[in-house]
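Visitor: Here is a sequence together with a model predicted from it:
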There are 2 protein chains.
Amino acid sequence: MNASIKAYDELVTRLKQTALLASCSAVLEWDEQTYLPPDGTSHRADQLALLAGIIHEQATDPEIGNLLHKLEADSIFDQESMESANIREARHEYDRATKLPRRLVEELSKVATLSHHAWVEARKKNRFQDFLPWLEQMIDLKREQASAIGYQGTTAYDALLDGYEPGATSEMIEQAFIPLRNELVSLVSAIKDSGITPDVSILTRKYPVEKQREFSISAAKTIGFNFNAGRLDIAAHPFCSGLGPGDCRLTTRYDEHHFPGAFFGTLHEAGHGIYEQGLCQEHFGTPVGSSTSLGIHESQSRMWENLIGRSRAFWDYFYKPAQNLFSEALSDIDQEDFYRAINDVRPSFIRVEADEVTYNLHIMLRFELEKSLISGDLKPVDLEAVWNEKFTEYFGITPDSSSNGCLQDVHWSAGLIGYFPTYALGNMYAAHFFNAAEKELGDITQLIRKGSFSPLKDWLNENVHRRGKLYRANRLVEVVAGESLSHKPLISQLQSKYSELYNL
Amino acid sequence: MNASIKAYDELVTRLKQTALLASCSAVLEWDEQTYLPPDGTSHRADQLALLAGIIHEQATDPEIGNLLHKLEADSIFDQESMESANIREARHEYDRATKLPRRLVEELSKVATLSHHAWVEARKKNRFQDFLPWLEQMIDLKREQASAIGYQGTTAYDALLDGYEPGATSEMIEQAFIPLRNELVSLVSAIKDSGITPDVSILTRKYPVEKQREFSISAAKTIGFNFNAGRLDIAAHPFCSGLGPGDCRLTTRYDEHHFPGAFFGTLHEAGHGIYEQGLCQEHFGTPVGSSTSLGIHESQSRMWENLIGRSRAFWDYFYKPAQNLFSEALSDIDQEDFYRAINDVRPSFIRVEADEVTYNLHIMLRFELEKSLISGDLKPVDLEAVWNEKFTEYFGITPDSSSNGCLQDVHWSAGLIGYFPTYALGNMYAAHFFNAAEKELGDITQLIRKGSFSPLKDWLNENVHRRGKLYRANRLVEVVAGESLSHKPLISQLQSKYSELYNL
């Protein structure tokens, strides 16, 4: 018993130390995306590689294996205790880190860098065939990685998915995605047939950058992001990075003639940031002090961006200040027209510019394709044709170029396969959480309308954030919402919102 | 022979790896001073302590001792070769790092933090007696440190000085400081007696911050700081940090009603930055790829700030653009009046606000006092009285408060004893280098007047920067200027400039 407690403490000390070092690396990565001078790129790569090496060495130290072995054999902690969760997730990470041969790790890292550069060029030149040899190499390596890590059942893809959404399987995801896809295709088609097309040109009037910044910060602060423990800076590819207790960095980018980009982008990143700030600071560096999964993380960003930020109630509170600040752009615009513009639904080629409804279809397309690439059913050489075919089936339009088609996303070039589904999972989780919050807090839109955001934020802090990795994502949904992951909450929220908007 | 070369390569690899890790730490320190959110302070301290621990472990690895021992015994490299310099300086750093018992290192670090806080409070309250117990403790520890490190001769202070200015001794410094002090006291007195007092109020008119930033960046770029490999940000206590090849960060602070602060501050930091950018990038992480000493570093910042930036020739080139940019402040001001204002000499209490002439007296005062504190001749309890007495002797005015007297500088509270003389050494080195450059380039003021800064910069790159630690500072002066360190070049530059300004 005492020996187990000692082993547990030793494990926690090691996990915390490795996480602390990883958080140093995160500072350097944040700086790389925000302030690094152009000529510093190569030295920064050297710094990050060195830190990655030390972190990997610490994370795969055989002593961690010994401690885990001992703790698993003794098994003195309750099954759903914090300690058991830490042991379970430490095992998960240790196994994933140690199962890969060093050669494969190095090759994956090298090919990812080269393949990423090839992708940048190929996308610029709009030539899928230039990227194809790299994609083939990457798929081979990811198949090898999946088989080294191992998986239950017959779907190799699950080994990769599990790296981003621990415990999730493609079967589980398909059960939600297939009915969701069918419902979404009908909804998109009904919206198209409605003949209603909001005037979105009002969103591309002149919105001065400094005022966008001011308004975004004010909104992020109002919904609950703490700027004493965080910042908002500019980055070409916006992200949120939790650098540790008291330090969470958001980034966005501004376009004077596109209001939604920076504003909803900031709300989105602030949602991630509120999650990071809501983690148990005293458990920093251990699994229970870390976010559950990418899907749960995305549920938080999507909730604030879409369920709250694109709601009528939100603009009941924020439209007047927006009109005052952006008087040149908005003084002649009704709140209702603005609301309709920011909720315009129409099929488009590019995922990151997609609306709330079609967005999930973009994800499903990618999920199906990457799954087939890993199983071997789809050869990389056929990717573009199959992409375009499926895209036409889901959206009713056909990509007019590779860059608007299968070359648009960075993920595959960087080896991030199994990552995409977490975006749509996030939307589904968010819908579950929102309903559960309403059960407890009553009508949330009434609170939002009055600018009262803290009840929802506090509820999320308590029910989602503070739990960290105590539960896996699917179990967390059961515990919090009392139901298993399903497409229903999301589809019913979307149907209800958009039926009203498009007179369906 | 081959074994020696192998040992040397192994040594270099280790030095580079440790420097690379230290450069990660430097990024975190830069971020701490510029962008860290207030609540992130404690986590940042944890991150830096962890990195410091790993760096210390690498730097004191006994294998480095073995390699050095082997290389010193074999001694296959020429005495003034790059390899010999790397071995010599690696030995210097290794010995300094390993000679201190771990307890002392930890105590110094802990007391420095606490003593620094006590100093901040004591300075605010203007109460020397509140800081006194911490100063006593710090002096005891520094005496212990000096004796652990060891020194030739009888002056314990030299062991501390050697940490900032390798190879320098207090005897060497005194030989230059004593005559310099005498000359400066007469010069200050003559200036006072001249009855000429420039109108400095023109420097505190309105200088909009955004324009100060623009002008400072333009000047830093013009004198040769490369902004593709660097940046300028804001920090409460301005500094320059070379984070590695291609990445050097300058900081400054702006006061709308004080032109010289940010402008000469930026020139000063840009001087440091040009040095960092001029180091041999391929030798990054080894002594020959690192700056010679703090004194040589300061020679570069002072040269651009004072010898160039406060020269008439500089403003022949820059005054018109300044007048155009700051039209509200300068449109009715002659260049000559502006030039006189930025070169106003008068005794004042605060070192960091002192002019070019009195500045060195501030340093000498501190040098004499800290030397006596370490020898034990001066007890901390008597510091304030002796400070005020000596200050009156040098400046003809007596500090009106502790904060304007012996409590003004951060250094002693942080344990930085032996650091001050490097500032005045820098001024003397700069004068030597400037004269040597003129011998080769001809009249530099003629070049500056036409905006041609690159000949001087290139000359410094070749003669000073690229040599790194190939020579120790005193030897570098001999090699570059063909003479030993002396007060004469500096005093003659000051006498010539200020005789003309004050009709002496």
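Guide: Structure received.
Visitor: Please count neighbours and contacts with C-alpha atoms only from this point.
Guide: Noted.
Visitor: Can you give me the first-to-last residue distance of stretch A:72-79?
Guide: Criterion CA to CA, to the nearest Å; first-to-last residue distance in stretch A:72-79 is 11 Å.
Visitor: got the buried residues for that stretch?
Guide: A:72, A:77 (16 or more other CA atoms under 10 Å in any protein chain shown).
Visitor: ok, and what's touching it?
Guide: A:1, A:4, A:83-85, A:87 (CA atoms under 8 Å, 6 or more residues apart in numbering or on different chains).
Visitor: Give me the ChimeraX select line for these, limited to the buried ones.
Guide: Buried members of the contacts of stretch A:72-79 can be picked out in ChimeraX with the line below, counting by 16+ other CA under 10 Å:
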select /A:4,83,84,85,87
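Visitor: And the contacts of stretch A:72-79, which two are furthest apart?
Guide: Set against one another by CA to CA, the contacts of stretch A:72-79 have their most distant pair in A:Met1 and A:Ala85, with a gap of 18.0 Å.
Visitor: after the lowest-mean-pLDDT helix or strand in chain A comes which helix or strand?
Guide: When the helices and strands of chain A are compared on mean pLDDT, DSSP states H and E, helix A:102-125 comes out lowest with a mean of 90. With elements assigned by DSSP states H and E, the helix or strand that comes after helix A:102-125 is helix A:128-149.
Visitor: Give me the next element, helix or strand, following that following helix.
Guide: helix A:157-164.
Visitor: Can you mark which positions in that next one are buried?
Guide: In helix A:157-164, counting by 16+ other CA under 10 Å, buried: A:157-164.
Visitor: elements contacting that helix?
Guide: With contacts taken as 3 or more CA pairs under 8 Å, 6 or more residues apart in numbering or on different chains; DSSP states H and E, helix A:157-164 sits against helix A:128-149, helix A:170-193, helix A:359-375.
Visitor: and that helix, average pLDDT?
Guide: Taken as a whole, helix A:157-164 carries a mean pLDDT of 97.
Visitor: So what's the gap between that helix and the chain middle?
Guide: Helix A:157-164 sits 15 Å away from the centroid of its parent chain (CA atoms, centre = their mean, to the nearest Å).
Visitor: go on, stretch A:473-480?
Guide: 18 Å.
Visitor: Buried ones in it, by neighbour count?
Guide: A:473-477.
Visitor: outside of the helix or strand hosting A:Ile87, which residues touch it?
Guide: Assigned by DSSP H and E, A:Ile87 belongs to helix A:82-99. The contact list for helix A:82-99, computed with CA under 8 Å, 6+ apart, reads A:8, A:15, A:56, A:59-60, A:64-65, A:68, A:71-72, A:77-79, A:148-149, A:163, A:286-288, A:469-471.
Visitor: pLDDT score for the closest residue to A:Ile342 other than its chain neighbours?
Guide: Using CA to CA, 6 or more residues apart in numbering or on different chains and skipping residues adjacent in sequence, the residue nearest A:Ile342 is A:Arg310, 6.9 Å away. Here the pLDDT value assigned to A:Arg310 is 98.
Visitor: I'd like to know how many residues surround the single nearest residue of the stretch 151-300 of chain A relative to chain B.
Guide: In the stretch 151-300 of chain A, the residue that lies nearest chain B is A:Gly246 (4.2 Å; CA to the nearest CA). A:Gly246: 23 surrounding residues under other CA atoms under 10 Å in any protein chain shown.
Visitor: Can you verify my assumption that it contacts A:Phe227?
Guide: No. If you go by CA atoms under 8 Å, A:Gly246 and A:Phe227 don't touch, sitting 9.4 Å apart.
Visitor: Next, show the common contact partners of those two.
Guide: Residues touching both A:Gly246 and A:Phe227 by CA under 8 Å, 6+ apart: B:Pro37.
Visitor: And the helices in the stretch 301-450 of chain A, which stretches?
Guide: Using DSSP state H, counting those that start in this stretch, the helices found in the stretch 301-450 of chain A span residues A:312-325, A:327-330, A:335-341, A:359-375, A:383-395, A:421-441, A:444-449.
Visitor: Any chance of JSON lines for the ones you listed, columns mean neighbour count and distance to chain B?
Guide: Listed next are those as JSON lines, based on neighbours: other CA atoms under 10 Å in any protein chain shown; distance: least, CA to the nearest CA, whole Å:
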{"stretch": "helix A:312-325", "mean neighbour count": "18", "distance to chain B": "23"}
{"stretch": "helix A:327-330", "mean neighbour count": "17", "distance to chain B": "25"}
{"stretch": "helix A:335-341", "mean neighbour count": "17", "distance to chain B": "34"}
{"stretch": "helix A:359-375", "mean neighbour count": "21", "distance to chain B": "34"}
{"stretch": "helix A:383-395", "mean neighbour count": "17", "distance to chain B": "39"}
{"stretch": "helix A:421-441", "mean neighbour count": "22", "distance to chain B": "28"}
{"stretch": "helix A:444-449", "mean neighbour count": "18", "distance to chain B": "28"}
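Visitor: right, so of these, which gets closest to B:Glu438?
Guide: helix A:312-325 (58.0 Å).
Visitor: For the one residue in the stretch 301-450 of chain A that gets nearest to chain B, give me its contacts.
Guide: At 21.4 Å from chain B, A:Ser301 is the closest residue in the stretch 301-450 of chain A, using CA to the nearest CA. Shown in contact with A:Ser301 (CA under 8 Å, 6+ apart): A:267-272.
Visitor: now check stretch A:215-232, is it near chain B?
Guide: Yes. Stretch A:215-232 reaches chain B (CA under 8 Å from any CA of the partner chain) through A:227-231.
Visitor: which of these tops the neighbour count?
Guide: Ranking the residues of stretch A:215-232 next to chain B using other CA under 10 Å puts A:Gly230 first, with 26 neighbours.
Visitor: ok now do it, which residues does it touch?
Guide: A:Gly230 touches A:246-250, B:37, counting by CA under 8 Å, 6+ apart.
Visitor: what's the answer for A:Ser372, then?
Guide: Applying CA under 8 Å, 6+ apart, the residues contacting A:Ser372 are A:Leu378.
Visitor: if I look at it, how far off is A:Leu365?
Guide: From A:Ser372 to A:Leu365 the distance is 11 Å (CA to CA).
Visitor: which non-adjacent residue is nearest A:Gly65?
Guide: The nearest residue in space to A:Gly65 (CA to CA, 6+ apart) is A:Tyr94, at 7.4 Å.
Visitor: Hmm, A:Val477 is touching A:Asn435, no?
Guide: No. Taking contacts as CA under 8 Å, A:Val477 lies outside contact range of A:Asn435: 11.3 Å.
Visitor: what helix or strand is the residue nearest the centre of chain A on?
Guide: Nearest to the mean C-alpha position of chain A, by CA atoms, centre = their mean, lies A:Glu298 at 4.0 Å. Assigned by DSSP H and E, A:Glu298 falls within helix A:294-302.
Visitor: Extract the CA atoms of stretch A:168-187 and return them as CSV.
Guide: These are the backbone C-alpha positions of stretch A:168-187, laid out as CSV (Å, rounded to 0.1, in the frame of the first residue of the first chain):
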residue,chain,number,x,y,z
ALA,A,168,-12.6,6.4,-29.7
THR,A,169,-13.1,3.9,-32.5
SER,A,170,-14.2,4.4,-36.1
GLU,A,171,-17.2,2.2,-35.5
MET,A,172,-18.4,4.5,-32.7
ILE,A,173,-17.8,7.5,-34.9
GLU,A,174,-19.6,6.0,-37.9
GLN,A,175,-22.6,5.3,-35.7
ALA,A,176,-23.0,9.0,-35.2
PHE,A,177,-21.7,10.2,-38.5
ILE,A,178,-23.8,8.2,-40.9
PRO,A,179,-27.2,9.4,-39.6
LEU,A,180,-25.8,12.9,-39.1
ARG,A,181,-24.6,13.0,-42.7
ASN,A,182,-28.0,11.9,-44.0
GLU,A,183,-29.8,14.5,-42.0
LEU,A,184,-27.4,17.2,-42.9
VAL,A,185,-27.6,16.5,-46.7
SER,A,186,-31.4,16.9,-46.4
LEU,A,187,-31.1,20.1,-44.4
